[in-house]
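> need a 3D model of the following:
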Amino acid sequence: MALDGIVVNSIKHELETKLVGGRIDKVYQPEKDEIVINIRNLKNYKLLLTSNSSSPRIHLTTIARKNPEQAPMFCMLLRKHLYGAKILQINQLQLDRVIEIVFECKDELRTPVKKSLVIEIMGKHSNIIFFNYETKVIIDSIKRVSENMSSIRQVYPGIEYKLPPSQSKLNPLEITKNDFIESIHNTNDGMLIYKFFYKTFTGFSPLISKEICFEANVNENLVIGELNDIDKEKLSNIFLYITEKIKENKFSPSIYVNETEKIYDFHSIKIQCFEDINTQDFDSISELLDVYYYELDNKNRINQKVSNLLKSIRTKLERDKKKLEKQRNELLSAENREKYKIYGDLIISNLHVPFENHKLTVVNYYDEEQKKITIPLDPKLNNLKLNSQKYYKRYNKLKSAEEELIKLIESTSNDIKYLENILFSIEACKTTDDLDQIYEELSKEGFIKKYKAPKGSNKIKNEILMYISSFGHEILVGKNNIQNDIITFKHAKKEDYWFHAKGIPGSHVVIKTNGDELDDIEYVEAAKLAAFYSKGKNNSLVEVDYTKKQNIRKPPSAKLGFVIYDTNYSMNVDTDISNIKVKIRS
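Numbers count the residues shown, from 1 in each chain. So this is what the prediction gives:
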């Protein structure tokens with residue numbers, strides 16, 4: 001995505017228009033690398049600055065963010081210096097991705113003093129730095145960079161603020177036609193033409209470079225040495241046309257989406273080089289960035305939470321599988337306990353027989369062939385009777401253990417099935433609400449510590465996924481075990497039909513009959529949904545069980561989502577649900 005120097009220039013122009021002359025009202029720090037400044041200037045504005053390595057940016061925002069109860073130190077420092085301060089200037093370093101906001105503040109003696117807040121948008125090196133405008137001495141930064149972290153450039157309180165290292169590129173806003181032609185002549189003949197633009201000029205991205213080639217009708221994959229004079233003329237004309245747009249602040253912020261409504265790219269200048277792409281126009285670049293990054297940040301937050309939860313559940317699952325293996329081995333030992341009873345019986349029957357080397361050899365009257373058997377004796381025990389008692393004790397202990405192990409194996413096996421189902425639910429999550437419900441479920445089941453759900457997250461009923469069959473019947477799909485229990489035992493009536501992928505983790509699916517006879521196609525549609533929302537989603541065919549709700553039972557103390565049934569039908573279906581109408585989308 002192209003948050004390049006041109007987009008930053010359009011942001012700078014918008015901020016300059018709306019914020020210069022405004023005064024600082026409040027400062028917040030919602031995240032460790034993010035600042036929000038409330039500004040009063042005829043109306044109220046919220047300015048977002050974030051140095052997050054994956055999405056650094058600055059723009060106005062209307063999205064509310066949750067702030068920590070205790071403000072971080074950098075936030076407290078900005079509040080101290082900036083409260084009531086006036087915005088004097090908003091500057092951009094040439095066409096680079098660096099914006100400086102200059103404030104008129106008051107010192108302890110109420111004397112006016114200028115201070116600057118700079119955001120450097122440079123990927124993982126992005127930073128927000130606060131310094132004295134006159135002396136350039138850094139007051140603090142949201143990320144401190146010591147000599148140990150970088151030998152090239154340090155950023156920490158007390159040292160002079162220096163601009164990021166120069167890339168020795170040209171400022172395109174100062175380039176004439178002759179300068180442009182000369183730049184081409186001075187470039188290696190083997191360089192691709194579209195690369196020439198972003199490697200030569202500050203603020204140009206690959207996207208805008210390709211757009212220049214497209215508008216000039218010059219193949220972007222030509223190398224410099226293959227260009228003729230006409231090509232150079234066309235490229236220079238489009239280059240100057242675009243730089244003139246930037247100078248005149250003629251921006252057209254747009255998001256470009258593909259046929260599946262997935263965001264493909266964005267820019268503040270109209271892009272024409274995309275094929276089969278739809279355009280969504282915005283009144284301001286801030287509005288565009290708010291929409292784009294809200295979706296991206298939400299996706300990143302979900303991915304991070306999913307990653308953390310998956311790691312935790314997989315660790316627990318691996319432990320349970322090892323525990324189950326150990327329990328099964330112990331059960332195998334317990335099932336072989338009879339030999340200890342035989343040892344005890346044979347010793348008691350032969351107390352008169354002499355033994356040596358801590359071994360007793362006697363006739364095994366339990367053996368049909370009456371073969372002799374050698375019984376090991378404990379050297380610490382000085383008579384045969386004590387040895388027999390030891391073997392009886394071991395036998396009784398293993399007999400009791402077998403009963404307990406059978407219960408433990410069943411419990412551990414159920415935990416494993418449950419966790420495998422949870423893994424499926426986590427991987428299927430699309431929203432933070434979906435994840436919050438799984439956290440809540442795991443907390444209820446005792447797998448994680450008590451979870452305090454966000455406000456409103458208990459409104460699960462309104463979030464259940466719903467489809468409509470070809471004959472108008474509602475089909476409910478559970479997105480997690482909490483919802484599975486709700487649709488099966490609260491929404492479903494005894495005459496409704498219940499579906500589930502056979503023998504694999506998946507969603508409960510219920511089709512509401514309303515007392516009607518269902519058409520055959522409706523059974524297939526509900527079965528396809530059960531197959532699609534299961535671990536078998538990527539299989540060509542999935543076997544699905546289905547039965548009337550009245551046949552579904554939940555054992556006492558069973559985990560969320562766990563049910564049993566004896567009477568059912570089955571069918572094999574594919575997972576194509578494209579023709580099934582969605583009523584309430586996930």
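> need the residue closest to the centroid of the chain.
The centroid of the chain falls nearest to Asn303 when counting by Cα atoms, centre = their mean (0.5 Å).
> what distance do you get for that residue to Tyr294?
Separation of Asn303 from Tyr294 (Cβ to Cβ, to the nearest Å) stands at 15 Å. Glycine gets a C-beta too; all of them are placed from N, C-alpha and C.
> now swap in Asp140 and tell me
The gap separating Asp140 from Tyr294 is 28 Å, by Cβ to Cβ.
> the more surrounded of those two?
Comparing Asp140 with Tyr294 by other Cβ atoms under 10 Å, the one with more neighbours is Asp140, at 18 against 13.
> quick check, pLDDT for that one.
Asp140 carries a pLDDT value of 98.
> before we move on, which element is the residue lying farthest from the centre of the chain in?
Relative to the C-alpha centroid of the chain, counting by Cα atoms, centre = their mean, His352 is the outermost residue, at 74.8 Å. In this structure, His352 sits in neither a helix nor a strand according to DSSP states H and E.
> ok, Lys43 - how many residues close by?
Counted with other Cβ under 10 Å, the neighbours of Lys43 add up to 8.
> can I get the one helix or strand Asn38 maps to in PDB, CA atoms only?
Assigned by DSSP H and E, Asn38 belongs to strand 34-41. Taking C-alpha atoms only, strand 34-41 is exported to PDB below (Å, rounded to 0.1, in the frame of the first residue of the first chain):
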ATOM      1  CA  GLU A  34       0.400   5.900  19.300                       C
ATOM      2  CA  ILE A  35      -0.600   9.500  20.200                       C
ATOM      3  CA  VAL A  36      -4.000  11.300  19.900                       C
ATOM      4  CA  ILE A  37      -4.100  15.100  20.200                       C
ATOM      5  CA  ASN A  38      -7.400  16.900  20.600                       C
ATOM      6  CA  ILE A  39      -7.300  20.300  18.900                       C
ATOM      7  CA  ARG A  40      -9.800  23.200  19.100                       C
ATOM      8  CA  ASN A  41      -9.900  25.400  16.000                       C
END
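> give me the contact list for that strand.
Outside of strand 34-41, the residues within contact range by Cβ atoms under 8 Å, 6 or more residues apart in numbering are 18-30, 44-52, 61, 65, 74-75, 78, 82, 87, 128, 142.
> just how off-centre is that strand within its chain?
Its chain's average C-alpha position is 28 Å from that of strand 34-41, according to Cα atoms, centre = their mean, to the nearest Å.
> give me the buried positions along that strand.
By 16 or more other Cβ atoms under 10 Å, the buried positions in strand 34-41 come out as Glu34, Ile35, Val36, Ile37, Ile39.
> and the next helix or strand past it?
Per DSSP H and E, the helix or strand that comes after strand 34-41 is strand 43-50.
> which strands and helices sit next to that following strand?
If you count contacts as 3 or more Cβ pairs under 8 Å, 6 or more residues apart in numbering; DSSP states H and E, strand 43-50 packs onto helix 5-19, strand 34-41, strand 57-60.
> adjacent strands (with direction) for the second one?
Its sheet considered, strand 34-41 pairs with strand 23-31 (antiparallel), strand 43-50 (antiparallel) by DSSP bridges.
> what does the helix-or-strand element of the chain with minimal mean pLDDT rub up against?
Lowest on mean pLDDT, DSSP states H and E among the helices and strands of the chain sits strand 581-584, with a mean of 80. With contact meaning Cβ under 8 Å, 6+ apart, strand 581-584 is reached by Asn462, Glu463, Ile464, Leu465, Met466, Tyr467, Ile468, Glu474.
> can I get those residues in a markdown table including pLDDT and secondary structure?
Formatted as a markdown table, the contacts of strand 581-584 follow (pLDDT from 0 to 100; DSSP: H, G, I helix; E, B strand; the rest coil):
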| residue | pLDDT | secondary structure |
| --- | --- | --- |
| Asn462 | 46 | helix |
| Glu463 | 74 | helix |
| Ile464 | 87 | coil |
| Leu465 | 91 | strand |
| Met466 | 94 | strand |
| Tyr467 | 96 | strand |
| Ile468 | 96 | strand |
| Glu474 | 96 | strand |
